[in-house]
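Q: Provided below for reference: sequence and predicted model.
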Amino acid sequence: MILYRTTNGILVEQNGSYYSVPETSINALIAHEELERYLATTIANANPVSPIDPATLLPPIEHQEVWAAGVTYYRSRSARIEESKDAGGGDFYDRVYSADRPELFFKALAHKVAGPYSSVNIRRDATWSVPEPELTLVIDPRGQIIGYTIGNDMSSRDIEGVNPLYLPQAKVYDRSCALGPGLLLQKNPLPSSTRIQLDILRSTHLEFSATTTLAEMKRDPKTLVEYLFRDQSFPHGCFLLTGTGIVPPDAFTLASKDEIRISIDSIGVLVNTVA
């Protein structure tokens, strides 16, 4: 089942039918100890409602923090090494790709997150900006993965490339993250064959398109969560972007009005436009 946050309340979808959820707080739902059972009972005692109007979708986040993992795909490792070669930082990315300890960094609070069909930003002081399509873990306050969503980790490659210590500026700014369209509630891992696709349209022309699968991800999601929760608490749960295996060519940079479409099997499609 998939949980959606909308301007008309929270809805859950199962087998193509939609149902209203009495609980109005994403915080409470993510913290619920028996969430799937609660929603199954809700569905059993409710009549279907009209399908979701995409214009009503909100980002599926309330008071959760958003974190991200880096260099979890070989393609990302190669891109980071290439972009930082002049700064002498390439060795860092090779070493973190092979290390036991993953790269984890803070990405956003809810007010910085864009929802489906809304705009994402590129930094005014950046010259090389790209989207990063990522499977995103939905984690409850107890550190359990309870579901998945789609994330876009917007990145200013030229800023991080100058110096790896500039990563927070390259990654963290208003509407530098998008989540949605909904939360696929599933405790079991997604199959390694799960496909992630990125399409970037410019004036209706397909400017860039690529796919990868979870089989290309080096890190185990449970291990990423274990490191994230070391000496940290998340009373409302959190989201963790798991890294990207799709990197546009070096000659590409996002432009205003570009449409970014990220699809992940079983979850849906996250669509955003560059402001």
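A: That came through fine.

Q: show me where this protein has its helices.
A: 26-31, 35-44, 74-83, 90-98, 157-162, 167-171, 221-228 (DSSP state H).

Q: and the ones you listed, which one's lowest on average pLDDT?
A: Across those, helix 74-83 has the smallest mean pLDDT, namely a mean of 74.

Q: tell me which strands and helices that one is in contact with?
A: Judged by 3 or more C-beta pairs under 8 Å, 6 or more residues apart in numbering; DSSP states H and E, the packing partners of helix 74-83 are helix 90-98, helix 157-162. (Glycine included, C-beta is placed from N, CA and C.)

Q: as a markdown table, those with mean neighbour count and distance to residue 2 would be great.
A: Output for the helices and strands packed on helix 74-83, formatted as a markdown table (neighbours: other C-beta atoms under 10 Å; distance: least, C-beta to C-beta, whole Å):
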| stretch | mean neighbour count | distance to residue 2 |
| --- | --- | --- |
| helix 90-98 | 16 | 32 |
| helix 157-162 | 20 | 32 |
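
Q: so which of the ones you listed is nearest residue 215?
A: Closest approach to residue 215 among the helices and strands packed on helix 74-83 (C-beta to C-beta): helix 90-98, 16.4 Å.

Q: elements contacting the closest one?
A: Counting contacts by 3+ C-beta pairs under 8 Å, 6+ apart, helix 90-98 packs against helix 74-83.

Q: run the chain-centre distance for the helix it packs on.
A: 19 Å (C-alpha atoms, centre = their mean, to the nearest Å).

Q: how about residues contacting that helix?
A: 70-71, 90, 93-94, 97, 157-158, 160-161, 212, 216, 218, 243-247, 250 (C-beta atoms under 8 Å, 6 or more residues apart in numbering).

Q: hmm, back to that, reformat the helices of the chain as CSV; add distance to residue 204.
A: Shown next, in CSV, are the helices of the chain (distance: least, C-beta to C-beta, whole Å):
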stretch, distance to residue 204
helix 26-31, 34
helix 35-44, 38
helix 74-83, 27
helix 90-98, 36
helix 157-162, 25
helix 167-171, 29
helix 221-228, 36
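
Q: tell me which of these sits nearest to residue 138.
A: Proximity to residue 138 (C-beta to C-beta) singles out helix 26-31 among the helices of the chain, at 6.7 Å.

Q: next, the angle helix 90-98 makes with the helix or strand of the chain with the lowest mean pLDDT.
A: Every helix and strand of the chain was ranked by mean pLDDT, DSSP states H and E. The lowest is helix 74-83, at a mean of 74. Using axes from the mean of the first three to the mean of the last three C-alpha atoms, to 10 degrees, the direction of helix 74-83 lies 170 degrees away from that of helix 90-98.

Q: send the alpha carbons of helix 74-83 over as PDB?
A: Written as PDB, here are the backbone C-alpha positions of helix 74-83 (Å, rounded to 0.1, in the frame of the first residue of the first chain):
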ATOM      1  CA  TYR A  74      30.400   3.000  -8.600                       C
ATOM      2  CA  ARG A  75      29.100   5.500 -11.100                       C
ATOM      3  CA  SER A  76      28.900   8.100  -8.300                       C
ATOM      4  CA  ARG A  77      32.400   7.300  -7.100                       C
ATOM      5  CA  SER A  78      33.700   7.900 -10.600                       C
ATOM      6  CA  ALA A  79      31.900  11.100 -11.100                       C
ATOM      7  CA  ARG A  80      33.000  12.500  -7.800                       C
ATOM      8  CA  ILE A  81      36.600  11.600  -8.500                       C
ATOM      9  CA  GLU A  82      36.500  13.300 -11.900                       C
ATOM     10  CA  GLU A  83      34.800  16.500 -10.700                       C
END
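
Q: mind listing the strands for the stretch 151-275 of the chain?
A: With DSSP state E, counting those that start in this stretch, the ranges of strands along the stretch 151-275 of the chain come out as 155-156, 177-185, 195-202, 205-213, 238-241, 259-264, 268-274.

Q: residues making contact with the first one?
A: Same thing as strand 155-156. Strand 155-156 is contacted from outside by 122, 123, 126, 128, 129, 130, 131, 132, 169, 170, 171, using C-beta under 8 Å, 6+ apart.

Q: from residue 31, how far out is the second one?
A: Taking C-beta to C-beta, to the nearest Å as the measure, residue 123 falls 34 Å from residue 31.
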